[in-house]
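In: Have a look at this prediction, sequence included:
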Amino acid sequence: MALTELGVKSAKPRDKEYMLGDGRGLWLLVKPDGKKYWRLRYWVGDKERKISLGVYPTVGLKDARAKRDELCKIRDKGDDPAEVLNAKKNEVNLSFEFIAREWIDKQLEGVTTKRHVRSVANRLRDYVFPRIGDKNIKEITAPQILDILRKIEEQEKIYTAHQVSQYCSRVFRYAIATGRAERDPVADLRGALKPCKTKHRAAIINVEEIKQLLLAMKNFIGTEVVKAAVWFSAYTFCRPGEIRQAEWSEINFEACEWRIPAEKMKARRIHIVPLAPQVIQLLKDLQPITGRGRYIFPNLRAKTGNQPMSANAVLYALRRMGFSNEEMTAHGFRGMASTRLNEMGWPPDVIERQLAHVEGNSVRAAYNHAEYLAERRKMMQAWADYLDELAKS
């Protein structure tokens, strides 16, 4: 007797699992916990085969029957439906999109920042998957990739085209490593894209201009939180994203340190920022305002409460001080510190380590992680004193 929608919905669990038949091999398996599964039962010779058709109610009776009828047509032709489904599954597993998503999951997740993972996934989703996402990765050619990149170039997104090219190449190399591709066609496109001009972030590095910047910072009329964030950026020269997400729990007032967790860092390793007395005092002055919350520099206007300040808060403050995007950015404090500290004679290795730049040599990277902290403490104190002296003049 054929099943009905009401009969499927009202099938009650029993002490043991049981099956309700619908005809032509379609059965509803009812588990003791009340869960219901669709099964197709058929025979190949003397051997019984079973195929899962989904879980009720996600797959309703009508959909289960449609799947059964489709598989029965395959069986009636003399083919084994299970083998046909496995073949299709293998084809999907060889598609560019499947392998790209697997690469993101296995090679990027937990290794780089969530923001970077999201950026990579979005670019592949927007530009690549619609064109070649369903294609067998072994059959994708260099001209097909180039056609995608040319479309991006036509939008005057030269840097994005180069990024997408790099992401595609990494997907192909991952496929080669996992035995699902033999070569990377992106390698054939070397020199085919328009050159990408590197645009350095604006930074004030001239001493007299730094004095003007510090004077503007002293006279800045804004919220205490934003003003403190600007000075904190100047003193610590950390990345803007690291500063806006700084938490009170990461500050050790006794050790005069800010320990940024690895998951917040671009290189995915813990970073220690020695804090000069000037910075410690800045934080203590800010504590009565934001100390009860999670973030040192919260967004005080956020309706949901405990959120970090806007990504552009420091940038907008600089604009209000009169500095254009071509003159100074929030990231520019890093360039300013790097340039001046090098000219002040501090060892490049110490400066680079404090900037949290990635060391290419893994042995040196491990060494640098353990060393230079004493030197960096002295340097950060000297840098804070240097800024204060310039601010007085």
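Out: Perfect, thanks for sending it.

In: Could you say which helix or strand holds Met379?
Out: helix 373-392 (DSSP states H and E).

In: And the average pLDDT for that helix is what?
Out: Averaging pLDDT along helix 373-392 gives 95.

In: What sits closest to Ile152 if chain neighbours are left out?
Out: Ala161 (4.2 Å; Cβ to Cβ, 6 or more residues apart in numbering). Heads up, the C-betas are built off the backbone N, CA and C, glycines and all.

In: pLDDT at that neighbour, what is it?
Out: The model's pLDDT for Ala161 equals 92.

In: burial measure for it, as a count.
Out: Counted by other Cβ atoms under 10 Å, the residues lying close to Ala161 total 22.

In: Next, it: secondary structure please.
Out: What DSSP: H, G, I helix; E, B strand; the rest coil gives for Ala161 is helix.

In: wait, isn't it in contact with Glu154?
Out: No: between Ala161 and Glu154 there is no contact under Cβ atoms under 8 Å: 9.5 Å.

In: how's the protein carved up into domains?
Out: What automatic domain parsing lists as the domains of the chain is 5-79, 96-189, 207-392.

In: can you redo the ones you listed as JSON lines with distance to Pro195?
Out: Formatted as JSON lines, the domains of the chain follow (distance: least, Cβ to Cβ, whole Å):
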{"stretch": "domain 5-79", "distance to Pro195": "51"}
{"stretch": "domain 96-189", "distance to Pro195": "8"}
{"stretch": "domain 207-392", "distance to Pro195": "22"}
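
In: worst average pLDDT in these?
Out: domain 5-79 (a mean of 85).

In: how about the strands in the protein?
Out: With DSSP state E as the criterion, the chain has strands at 18-23, 26-30, 36-44, 47-56, 251-252, 257-260, 271-274.

In: What are the buried residues along the fourth one?
Out: Looking back up the chat, that one is strand 47-56. Ile51, Leu53, Tyr56 (16 or more other Cβ atoms under 10 Å).

In: Likewise for stretch 278-296?
Out: By 16+ other Cβ under 10 Å, the buried positions in stretch 278-296 come out as Gln278, Val279, Leu282, Leu283, Leu286, Thr290, Gly293, Tyr295, Ile296.

In: Run through the residues that contact the spatially closest residue to the second one that is not a sequence neighbour.
Out: Read it as Val279. Using Cβ to Cβ, 6+ apart and skipping the chain neighbours, the partner closest in space to Val279 is Tyr235 (4.9 Å). Contact analysis of Tyr235 by Cβ atoms under 8 Å, 6 or more residues apart in numbering lists Ala276, Gln278, Val279, Leu282, Met380, Trp383, Ala384, Leu387.

In: Go again with 10 Å.
Out: By Cβ atoms under 10 Å, 6 or more residues apart in numbering, the contact list for Tyr235 reads 273, 275-276, 278-279, 282, 333, 337, 380, 383-384, 387-388.

In: And these, which of them are buried?
Out: Applying 16+ other Cβ under 10 Å to the contacts of Tyr235 flags Val273, Leu275, Ala276, Gln278, Val279, Leu282, Phe333, Ala337, Met380, Trp383, Ala384, Leu387 as buried.

In: Tell me which residues touch the first one, please.
Out: For Val273, the contacting residues are 235-238, 242-243, 246, 250-251, 256-260, 279, 354, 356, 376, 380, by Cβ under 10 Å, 6+ apart.

In: what sits opposite it in the beta ladder?
Out: Val273 has these beta-bridge partners by DSSP bridges: Trp258.
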